[in-house]
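S.K.: For reference, the sequence and a predicted model appear below.
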Amino acid sequence: MEACLGSTSNSNKGTIVIDVPPYFDFEHCLTHLKRGDNDVLVTVHGHRVSKALDVNGVPMILELSSEASHGVEGNNQREPQPQSQLHATVYGLSHHRLASVDWEAAVRTEIDEWFDLQRDLRPFYAFAERDPILAPLAKRYSGLRIIGSSSLYHSLCWAIMGQQITMSFAATLKRRFVQQFGEYIEHDGERFYLFPRPEVVAKLTPEQVMPLQFSRKKAEYLIEVAVQIASGRLSKKQLIALNSFSDAVKQLTAIRGIGAWTANSVLMHCLRNPRAFPLADVGLHNAIKRLLKLEHKPSLAEMEQYGTRWAGWEAYATFYLWRSLDDEWG
DNA sequence: CTCCAGGGTACAC
DNA sequence: GTGTACCATGGA
């Protein structure tokens, strides 16, 4: 398999404008994306973020910016005004004409799912105002949305990779996995990788993944999930069709390597369920402990009470609490 | 050196 | 049904 899919062509591109909903702040989202310094899938330059996409077999690069012009490369420190629109520019490869697919609809959906743009956050902010923990978070990170992924396989893999280890080590594992088994596009002098396709990973053995410093179990989990998705036994469409949060958790946790934490993480980042709540998460515990200046991390029973208290918005509470770990709270 | 990281499994009892 | 060793590695 040739990993390089080709290079982008300047004569094969298109631009669309995206209207954004109330309570959307692109800069807060960019800050979150920049934090994952090791993430090879996403590149942030100044006020613009880029990544590779596959639209029905047609590879392309998506550049998303809050500014109309993309002329400025590198660090542009000028703060853009609060924006009501985003500008998306898409570049195709020289031998894959963009016009052969409905890239515009696909890109709109991709951006919606990436930044959770279909969620009406006005009720969340009204709710958060009255919650002692969420109020300062909602104020500080106003307009930050849950940054996720449209790909079920990507979400599952990222959650599995992140089990138990530090975020920086998890990011290293992901980078190695993507560069070893993913395809890439050359664009603007850089490589933009697509996450490895489940059909590719399904054919691997644990021995091929373990040299990247995955534990044998994690290697087995990634391959088994790939097999399930490649075979069609597991799909995003079918999980959505269940139309039941607990049934989705049940189906996911039936798979080896996926426990309650991983299932809730995926339901939050990919299925976009606002009630997803990985209540056993140590980062969540540490965030609460730090914000409330507690002596000890909250117990499981206390976490269940927080879940009840935040009912309906558990996922946003979790995401904002995770976000708070990157900042000082004096 | 020990303990902890955005956990989960496979055992024991 | 709860308790515990184990996984792989890096940083505090």
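M.R.: Nice, I can see it.
S.K.: Get me the contact residues on chain A for DNA strand C.
M.R.: Neighbours of DNA strand C within chain A, by C-beta under 7 Å from any atom of the strand: A:Gln164, A:Ile165, A:Thr166, A:Ser168, A:Phe169, A:Met210, A:Gln213, A:Phe214, A:Ser215, A:Arg216, A:Lys217, A:Lys218. From N, CA and C alone the C-beta is placed, and that goes for glycine too.
S.K.: Would you list the buried entries among the residues you listed?
M.R.: A:Phe214, A:Lys218 (16 or more other C-beta atoms under 10 Å).
S.K.: Switch the residues of chain A next to DNA strand C over to a markdown table; also include secondary structure.
M.R.: As requested, the residues of chain A next to DNA strand C are exported to a markdown table (DSSP: H, G, I helix; E, B strand; the rest coil):
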| residue | secondary structure |
| --- | --- |
| A:Gln164 | coil |
| A:Ile165 | coil |
| A:Thr166 | coil |
| A:Ser168 | helix |
| A:Phe169 | helix |
| A:Met210 | helix |
| A:Gln213 | coil |
| A:Phe214 | coil |
| A:Ser215 | coil |
| A:Arg216 | helix |
| A:Lys217 | helix |
| A:Lys218 | helix |
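S.K.: So what touches stretch A:119-136?
M.R.: With contacts defined as C-beta atoms under 8 Å, 6 or more residues apart in numbering, stretch A:119-136 is touched by A:21-24, A:137-138, A:142, A:145-146, A:272, A:274, A:288, A:291-292, A:309-310, A:312-313, A:316-317, A:320-321.
S.K.: Can you measure across that stretch, start residue to end residue?
M.R.: 21 Å (C-alpha to C-alpha, to the nearest Å).
S.K.: The residue nearest the centre of chain A: what's its closest spatial neighbour, skipping adjacent residues?
M.R.: Ranked by distance to the mean C-alpha position of chain A (C-alpha atoms, centre = their mean), the top residue is A:Gly148 at 2.7 Å. Closest residue in space to A:Gly148, ignoring its immediate chain neighbours: A:His269 at 3.8 Å, by C-beta to C-beta, 6 or more residues apart in numbering.
S.K.: what's that neighbour in contact with, if anything?
M.R.: A:His269 neighbours (C-beta under 8 Å, 6+ apart): A:Ile146, A:Ile147, A:Gly148, A:Ser149, A:Ser155, A:Trp158, A:Ala159.
S.K.: Which pLDDT value belongs to it?
M.R.: As predicted, A:His269 sits at a pLDDT of 98.
S.K.: what's the answer for the one 4 residues further on, then?
M.R.: Looking at A:Asn273, its pLDDT stands at 98.
S.K.: and what of A:His95?
M.R.: Confidence for A:His95, expressed as pLDDT, is 88.
S.K.: I am assuming it contacts A:Gly6, so please confirm or correct that.
M.R.: Yes: counting by C-beta atoms under 8 Å, A:His95 does reach A:Gly6; the two are 6.3 Å apart.
S.K.: Which one's more surrounded, the two?
M.R.: A:Gly6 (17 against 10; other C-beta atoms under 10 Å).
S.K.: quick one: the nearest residue to the more buried one once chain neighbours are set aside and A:Lys139, what's the gap?
M.R.: Leaving aside its chain neighbours, A:Gly6 sits nearest to A:Leu93 (4.2 Å; criterion: C-beta to C-beta, 6+ apart). From A:Leu93 across to A:Lys139, the span is 44 Å (C-beta to C-beta, to the nearest Å).
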